[in-house]
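In: sequence unknown, structure follows:
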């Protein structure tokens, strides 16, 4: 099944906002319901594909059948951009400026190499397309006057479990596998990957690797890049093999050139990951802290000294009050909300291990001022953990603007980073006449630091895309100035690229340009994503 073209996920799962939320948006933010309904795909004016007959024949030869080269309007629309709020607002408004010339569906590594050769021969750029869930402009190549048609390389047919080694606890999987299907295949052998990002239901294994994804259970299972033992990308210059042992001192780790490269260096055609046994028990608990600072200090204690839960996250006062700490509770009366900040601690493992770790962690959380709320808040969070993107679509439908951004920093910098980003967003959007509601949670913890995940809601204004751009730039500036990274798990794309250039520095970007030149000398792969098209001026 395809994702909703003008929003998130399965259309059957979408639900309108509860009336109390619509009233709250009107009273707090001046949101005026009545946003125009998105046009249907058959109502959009879709230009004819610029793909030449010769190029189409070459692509069809590469993938074996004409049916796997699609140039129909619906297929091209569904592969236009990703799922950020500006992406959705543009497509809902009929802006098709990033429309691919064709959608090509290969079935394996050799077919991907053949497609790359065909693209090189016919002057086509190529954008790898997994689940289409990018929220940072990672699926919209840039041209800057060099107009070049591009094809979207949809990897959905590459959806197999290639190998499973129960002795080593590893599996090799193709990149087009969606998260739920991968877990289903592994569970049949008694294993789990343990990677459950908010995009889990739609994102793919290749996308997880290409964007350095981090799942909600990262405290226990680690980030996706920590799970990857080997991967194989197809590049315009041939095949790169990266990783052949669990650890190696044989030079720099080539896996790190591919992890996070967002399709700019090659198309990941297989990934080998480490596995964990399926847990006997999954248990989630809610906790309350008097303030965000107090809750953050408690999370730091667990992250540094243990015992570390599998899931560990903390909502600030505003997010707790509004109800995003429990997405399926949105719309409940504010009088029913508790003051302070809500945390969720979750545990995977054997029944004995879970009981032991939960008991020890509870002692630490109590010592840090936490009040136990029992398992119901944790269960409600787990039940609604994938619903936030649907909520975003419902907000857009009633005329609200809703977007997210995230960063990470060392523990000592978290308070200043938190304040700086909140102030930047509030200041810029208020200046634009659309004062926002800014919410935040700690979504991932490490021994040395944590990730901050911000949600911003405001009125849309006359031009919602234009009104968001200065606020996004201000937030990026605040992140860099406060010592944060420009992205913890959403990736770089085009939205973060200029800030990433500053974060990495001219020498670092120069080194990556050299890699790009060696692997993709004609610049076919995802032009303008991750790295600027033109070298920065001295």
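Out: Yep, that arrived. Remember, predicted model here, so these are calculated numbers, not experimental data.

In: Report the secondary structure state of residue 265.
Out: Assigned by DSSP: H, G, I helix; E, B strand; the rest coil, the conformation of residue 265 is coil.

In: And residue 42, by the same measure?
Out: Residue 42 ends up helix, using three-state DSSP.

In: For it, which residues are in contact?
Out: 73-74 (Cβ atoms under 8 Å, 6 or more residues apart in numbering). Any C-beta I mention is one placed from the backbone N, CA and C, and that applies to glycine too.

In: how about 10 Å then?
Out: 73-74, 77 (Cβ atoms under 10 Å, 6 or more residues apart in numbering).

In: Can you give me every residue that contacts residue 479?
Out: So residue 479 contacts 405-409, 417, 420-421, 424, 452, 485-487, 496, 499, 503 (Cβ under 10 Å, 6+ apart).

In: In helices only, show me the contacts of residue 42.
Out: Applying DSSP state H to the contacts of residue 42, the entries found in helices are 73-74, 77.

In: I'd like to know how many residues surround residue 229.
Out: 20 (other Cβ atoms under 10 Å).

In: where's it, which helix or strand?
Out: Using DSSP states H and E, residue 229 sits in strand 228-235.

In: So which of the contacts of residue 479 is the closest to residue 441?
Out: residue 452 (7.7 Å; Cβ to Cβ).

In: tell me the contacts of residue 162?
Out: Residue 162 neighbours (Cβ under 10 Å, 6+ apart): 171-174, 270-272.

In: right, I mislabeled it, should have said residue 176
Out: Applying Cβ under 10 Å, 6+ apart, the residues near residue 176 are 105-107, 129-131, 154-160, 204-207, 269.

In: Show the buried residues in those residues.
Out: 105-107, 129-131, 154-156, 158-160, 204-207, 269 (16 or more other Cβ atoms under 10 Å).

In: So which of those residues sit within strands?
Out: The strands, defined by DSSP state E, take in 129, 154, 269 from these.

In: Looking at the residues you listed, which is nearest residue 200?
Out: residue 129 (17.7 Å).

In: what's the spacing between the residue nearest to residue 141 when sequence neighbours are not counted and residue 171?
Out: Using Cβ to Cβ, 6 or more residues apart in numbering and skipping residues adjacent in sequence, the residue nearest residue 141 is residue 527, 4.4 Å away. Residue 527 sits 33 Å away from residue 171, going by Cβ to Cβ, to the nearest Å.

In: try residue 72
Out: On the measure of Cβ to Cβ, residue 72 and residue 171 end up 35 Å apart.

In: more crowded one of the two?
Out: residue 171 (24 against 12).

In: Where does pLDDT dip in this protein?
Out: Low-confidence segments of the chain (pLDDT under 70): 34-40, 143-147, 324-338, 535-538.

In: rerun at 80
Out: 1, 33-43, 143-147, 324-338, 534-538 (pLDDT under 80).

In: mind checking the longest helix of it?
Out: Assigned via DSSP H, the chain shows its longest helix as helix 497-519.

In: Flag every buried residue along stretch 75-83.
Out: Result for stretch 75-83 [16+ other Cβ under 10 Å]: buried residues 75-83.

In: Kindly reformat those as TSV containing distance to residue 178.
Out: Below are those laid out as TSV (distance: Cβ to Cβ, whole Å):
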residue	distance to residue 178
75	18
76	21
77	21
78	15
79	16
80	20
81	19
82	16
83	15
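
In: quick one: residue 203 from residue 222, how far?
Out: 17 Å.

In: no, scratch that, I was asking about residue 198
Out: From residue 198 to residue 222 the distance is 17 Å (Cβ to Cβ).

In: and those two? which has more neighbours close in?
Out: A direct count of neighbours by other Cβ under 10 Å for residue 198 and residue 222 places residue 198 higher, at 22 against 17.

In: mind checking the SS state of that one?
Out: Strictly by three-state DSSP, residue 198 counts as coil.

In: what sits against residue 32?
Out: 25-26, 398-400, 459-460.

In: Pick the one among those closest to residue 4.
Out: Among the contacts of residue 32, residue 398 lies closest to residue 4 (Cβ to Cβ), at 17.0 Å.

In: Tell me, how many residues neighbour the closest residue to that closest one other than its chain neighbours?
Out: Nearest non-adjacent residue to residue 398, counting by Cβ to Cβ, 6+ apart: residue 33, 4.6 Å away. By the criterion of other Cβ under 10 Å, residue 33 has 13 neighbours.

In: One more: residue 448?
Out: 12.

In: okay, now the closest residue to it other than its chain neighbours: neighbour count?
Out: Closest residue in space to residue 448, ignoring its immediate chain neighbours: residue 410 at 5.7 Å, by Cβ to Cβ, 6+ apart. Residue 410: 13 surrounding residues under other Cβ under 10 Å.

In: And for residue 57?
Out: Neighbour number of residue 57 under other Cβ under 10 Å is 14.

In: What separation do you get for it and residue 51?
Out: Distance from residue 57 to residue 51, by Cβ to Cβ: 10 Å.

In: what do these two both touch?
Out: Common contacts of residue 57 and residue 51 (Cβ under 10 Å, 6+ apart): 69, 122.

In: Please report how far the residue nearest to residue 398 lies from residue 455.
Out: Residue 33 is 20 Å from residue 455, by Cβ to Cβ.

In: try residue 200
Out: In terms of Cβ to Cβ, residue 200 sits 18 Å off from residue 455.

In: Kindly report the same for residue 276.
Out: 30 Å.

In: With residue 198 instead?
Out: From residue 198 to residue 455 the distance is 11 Å (Cβ to Cβ).
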